[in-house]
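*Asks:* Need a 3D model of the sequence below.
(2 chains)
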Amino acid sequence: MKEYAYYPGCSLKAGSKHYEESLLPVFKELGSPLMEMDDWNCCGATAYFSVDDTMAAAICGRNLSIAEKSQRDILAPCLGCYLTMKKSNHFLKSGEEKAAKILGSLKDAGCEYKGTIEVKHPLEFLTNEYGLDKVKEKVRRPLSNLKVACYYGCQLVRPYTDFDNPDNPVTLDNLMKTIGAEPVPYSAKTRCCGGSLAGTLEDVGVGLNYILIKEAKKKGADVIVTICPLCQFNLEMIQDKVVQKHKDVDKMPILYFSQLMGLALGISKDDLGFSRSFHSLNKMWGKLEMGGTT
Amino acid sequence: MEIQEKLTFERDLDHSFLDEVKESSFSEEISRCIQCGTCSSSCPMVEYMDYSPRKIIAMIKHGFKDEVLKSFTPWLCASCYNCQVRCPSNIKITDIMYTLKRKAIEAKAYPSRLPIPALSKEMHKYIAKHGRNSEIWVVMGMYLRLKDFIGPLKMTSTGLNLMKTGRLSLKKEKIKNTKQLHALLKAVSEDAK
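*Replies:* Numbering: from 1, shown residues only, chains lettered A, B, ... in the order given. Got it, this is the predicted structure:
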């Protein structure tokens, strides 16, 4: 099995610790442990492209160069990091004059990038390389009874990538089926959560996240499962205000796919970061017949 | 009676604006816009915008530089790329929105009471210095820039929830080789001149 340079990004080290806390044991259990990239820097997210696109591509180039030195492709669980680095990678390889200049500066600064690296998301790796059949073999505790709304958010399937359908992606649904959960038909699966705008403009955040929660409830989902720290954070943080404003929705657990995978692979629920949820998970534990008050 | 101009007339427009935007967005396709409106109908933020994405594209094509750079629209783009993947003319609409943000900052034309430009600038500054982003410090820096002292109070409940669940980090994150990062950023900014 090919080895990857694991790129946690800033979120997985701070507000979204439980994504890392569940992802690492899951990959270990799958026999494909993740090695964190050495001295990675922030991808720059949407902010850098808004201020200076040359610098934005350059700082991503530094990460690509570090990965290239270790001859490993990058695995980026955060969709912000994933898309930003994919986009910069695409640009640096484009042959544009501006790109060539940035490559020159990278070389001068001691981080030459030859353009041999690909950026992937864990879901892409599990689907296309590891294989869901192999995941299925490792499932010790299928999550039967659990209805999940698979929320992809926007960045996974948008330009610069072609591993799933941009309008109706299915890879997360397939993964959830593999671990025994039941994905509900969730038509809001690629609607935007507002990204960084949800935090800065409250009305916008409440408006967009209401749509996501209402749709999940209507389809009978017990939890919303996410693959991106910002989606998870927005849905969880804004939920209280959504519920205050709109009486037709209730609070709902917002989890990472890796947390549910960990449960199915038989990892103890105490080791998957569930205690970091803002809201009670008791209903879910009841459905899964796993007592406890996390 | 003095006659006043009531319309933006052709002489007030900047016809080189289209080329400027094309060049910085690597998007020649913008000329092929057929004004179908797929972008506007795909946009989750359109209801909050002063001009819809379709209108913005038309305004760029016809040189409404001032109006476009002062508009809220680029700053309300959540960067979901839905318009870009759906555009039948393959126009890189999201990338164009990024170009407009940069041009608005350059021209100091952006709406100053919006928190988003302040957040972008603060984050840019922080990463250029430390190589990593520390959410809490960047957000505080944004409020300082905006001289908004009520904003942080509104975030108390989120802050408390994060603290309770051990997700609030006050640590200022930093990469080891900041020297290399600074050299790189200096080199690219000199090249760009």
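
*Asks:* Show me the residue at the heart of chain B, geometrically.
*Replies:* Chain B has B:Lys101 as the residue nearest its centroid, 3.7 Å off, counting by Cα atoms, centre = their mean.

*Asks:* Might you report the residue contacts of that residue?
*Replies:* Counting by Cβ atoms under 8 Å, 6 or more residues apart in numbering or on different chains, B:Lys101 makes contact with A:Phe49, A:Ser50, A:Val51, B:Pro74, B:Trp75, B:Tyr110, B:Pro117, B:Ser120. Any C-beta I mention is one placed from the backbone N, CA and C, and that applies to glycine too.

*Asks:* And the residues you listed, which two are furthest apart?
*Replies:* A:Phe49 and B:Tyr110 (14.9 Å; Cβ to Cβ).

*Asks:* I'd guess A:Cys150 is in a helix, am I close?
*Replies:* No: counting by DSSP: H, G, I helix; E, B strand; the rest coil, A:Cys150 is not part of a helix but strand.

*Asks:* That one and A:Lys177 touch, don't they?
*Replies:* No: using Cβ atoms under 8 Å, A:Cys150 makes no contact with A:Lys177, being 9.8 Å away.

*Asks:* out of the two, which sits in the busier spot?
*Replies:* A count of neighbours by other Cβ atoms under 10 Å in any protein chain shown puts A:Cys150 above the other of A:Cys150 and A:Lys177, at 26 against 16.

*Asks:* so how many other residues sit close to the closest residue to the more buried one other than its chain neighbours?
*Replies:* Excluding its sequence neighbours, the residue lying closest to A:Cys150 (Cβ to Cβ, 6 or more residues apart in numbering or on different chains) is A:Leu172, at 4.2 Å. As a burial measure, A:Leu172 scores 24 neighbours (other Cβ under 10 Å).

*Asks:* on contacts alone, who are the packing partners of the strand or helix carrying A:Leu172?
*Replies:* Secondary structure from DSSP states H and E places A:Leu172 in helix A:171-178. Applying 3 or more Cβ pairs under 8 Å, 6 or more residues apart in numbering or on different chains; DSSP states H and E, one finds that helix A:171-178 contacts helix A:122-125, helix A:132-138, strand A:147-151, strand A:182-183, helix A:257-264.

*Asks:* residues in contact with A:Cys231?
*Replies:* By Cβ under 8 Å, 6+ apart, A:Cys231 lies in contact with A:Leu79, A:Tyr151, A:Gly153, A:Cys193.

*Asks:* Which parts of the stretch 101-250 of chain A are helices?
*Replies:* Assigned by DSSP state H, counting those that start in this stretch, the stretch 101-250 of chain A shows helices spanning A:122-125, A:132-138, A:171-178, A:197-200, A:202-218, A:229-245.

*Asks:* Lowest average pLDDT across those helices?
*Replies:* Lowest mean pLDDT within the helices of the stretch 101-250 of chain A: helix A:197-200, a mean of 86.

*Asks:* where in the stretch 1-150 of chain A is pLDDT low?
*Replies:* Filtered on pLDDT under 70, the stretch 1-150 of chain A yields the residue ranges A:1.

*Asks:* Get me the contact residues on it for chain B.
*Replies:* Applying Cβ under 8 Å from any Cβ of the partner chain, we find that the stretch 1-150 of chain A lies next to chain B at A:10-11, A:13-18, A:39-42, A:44-55, A:58-59, A:62, A:83, A:91, A:94, A:96, A:101-102, A:104-106, A:108-111.

*Asks:* Now, of the residues you listed, which are buried?
*Replies:* Buried residues within those, defined by neighbour count using 16 or more other Cβ atoms under 10 Å in any protein chain shown: A:10-11, A:13-18, A:40-42, A:44-55, A:58-59, A:62, A:83, A:91, A:101-102, A:105-106, A:109, A:111.

*Asks:* Of these, which belong to helices?
*Replies:* A:17-18, A:45-51, A:53-55, A:58-59, A:62, A:83, A:91, A:101-102, A:105-106 (DSSP state H).

*Asks:* Which secondary structure element of chain B has the lowest mean pLDDT?
*Replies:* Using mean pLDDT, DSSP states H and E, the weakest-scoring helix or strand in chain B turns out to be helix B:151-154, at a mean of 84.

*Asks:* Show me what that helix is in contact with.
*Replies:* Taking Cβ under 8 Å, 6+ apart as the rule, helix B:151-154 contacts A:Glu202, B:Pro115, B:Val139, B:Met140, B:Tyr143.

*Asks:* again, only using 10 Å
*Replies:* A:Thr200, A:Glu202, B:Pro115, B:Val139, B:Met140, B:Met142, B:Tyr143, B:Leu144, B:Asp148, B:Gly159 (Cβ atoms under 10 Å, 6 or more residues apart in numbering or on different chains).

*Asks:* same deal with stretch B:60-69?
*Replies:* Contact with stretch B:60-69 is made by B:8, B:10, B:12-18, B:20-22, B:25, B:30-31, B:33, B:35, B:50-51, B:55-59, B:71, B:74, B:96, B:99-101, B:103-110, as judged by Cβ under 10 Å, 6+ apart.

*Asks:* so how far is it off the chain centroid?
*Replies:* Centroid separation for stretch B:60-69 versus its chain: 16 Å, with Cα atoms, centre = their mean, to the nearest Å.

*Asks:* Quickly compare the helices and strands packed on helix A:171-178 and say which is most buried.
*Replies:* helix A:257-264 (a mean of 26; mean count of other Cβ atoms under 10 Å in any protein chain shown).

*Asks:* Return the list of helices and strands in contact with the helix or strand just after that one.
*Replies:* Counting by DSSP H and E, the next helix or strand C-terminal to helix A:257-264 is helix A:282-287. In terms of contacts (3 or more Cβ pairs under 10 Å, 6 or more residues apart in numbering or on different chains; DSSP states H and E), helix A:282-287 is packed against strand A:223-226.

*Asks:* isn't there a helix covering A:Leu64?
*Replies:* Yes: counting by three-state DSSP, A:Leu64 falls inside a helix.

*Asks:* what about it, how many neighbours?
*Replies:* Counted by other Cβ under 10 Å, the residues lying close to A:Leu64 total 27.

*Asks:* swap in B:Asp19?
*Replies:* Look at B:Asp19: counted by other Cβ under 10 Å, it has 10 neighbours.

*Asks:* do the same with B:Cys43
*Replies:* B:Cys43: 24 surrounding residues under other Cβ under 10 Å.

*Asks:* distance between stretch A:94-103 and the chain's centre?
*Replies:* Distance, centroid of stretch A:94-103 to centroid of chain: 29 Å (Cα atoms, centre = their mean).

*Asks:* sorry, back to before: now do the shared contacts for A:Cys150 and A:Lys177.
*Replies:* Here A:Cys150 and A:Lys177 share the contacting residues A:Val170, A:Pro183, scored by Cβ under 10 Å, 6+ apart.
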